[in-house]
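>>> One predicted model, sequence on top.
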Amino acid sequence: MTTIVGVQLEHGCIIVSDSRVVASGKVYTHSDMVNAVERGSYIISGAGDYRALQVVLHGWTPPLVTVKAKTNLYEFMINKVVPALKTTLTEAGVSVSKSSNDDDSKFELYLLIAINGTIFEIDSDFAVGMNNTGFYGIGSGGDYAVGALHAGASTLDAMRIAAINNNETAPPFNILEQETK
């Protein structure tokens, strides 16, 4: 997989992703193969099924964040962003409803999406979550990184700790910041 951490701050957020892509047992490192992008009012990052992630990062046009949407971004995520994500994935031929208990065929996509400085976590079932701690971690090294954040590590140190403990996590680390608008 990969590792991505997000930290919700008082006036915005930081999302840090690693540079390793592991798919079908192969390890890829190339500057064009990213795990996080900025697109307008959004930071979009993810781990899991890499084909699905490619579609989300490079083929999805997120909904426009209107003044009305800014009044309740959580509802906007549930009612506008998630349906748009599912539609794009389905149209690209990604099966988002793999129902097998077999780990090899199970759909896995974990996203951290920031809109106007607010982080949301989206799980494989497309449920939208938020965390009062302000710490988010997804991917194979996410738990290590979040543990390090809770212990007082900086975002970069948390990613370094994840890389030490998880062979699917590697530098360089990419930092994206967004202020609340």
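Right, received. Where do you want to start?

>>> use CA for all of it now, contacts and neighbours both
Fine.

>>> how about the helices of the chain, start to end?
50-59, 67-70, 73-76, 82-91, 142-150, 155-165 (DSSP state H).

>>> would you list those in a markdown table and tack on mean pLDDT, distance to Arg39 and mean neighbour count?
Formatted as a markdown table, the helices of the chain follow (pLDDT from 0 to 100; distance: least, CA to CA, whole Å; neighbours: other CA atoms under 10 Å):
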| stretch | mean pLDDT | distance to Arg39 | mean neighbour count |
| --- | --- | --- | --- |
| helix 50-59 | 93 | 9 | 18 |
| helix 67-70 | 94 | 17 | 11 |
| helix 73-76 | 97 | 17 | 17 |
| helix 82-91 | 96 | 14 | 16 |
| helix 142-150 | 97 | 23 | 21 |
| helix 155-165 | 96 | 22 | 21 |
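
>>> Dump the ones you listed to TSV, plus distance to Leu109.
Output for the helices of the chain, formatted as TSV (distance: least, CA to CA, whole Å):
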stretch	distance to Leu109
helix 50-59	7
helix 67-70	25
helix 73-76	19
helix 82-91	11
helix 142-150	13
helix 155-165	19
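
>>> Quick check: Thr29 vs Asp123, distance?
Computed as CA to CA, to the nearest Å, the Thr29 to Asp123 distance reads 25 Å.
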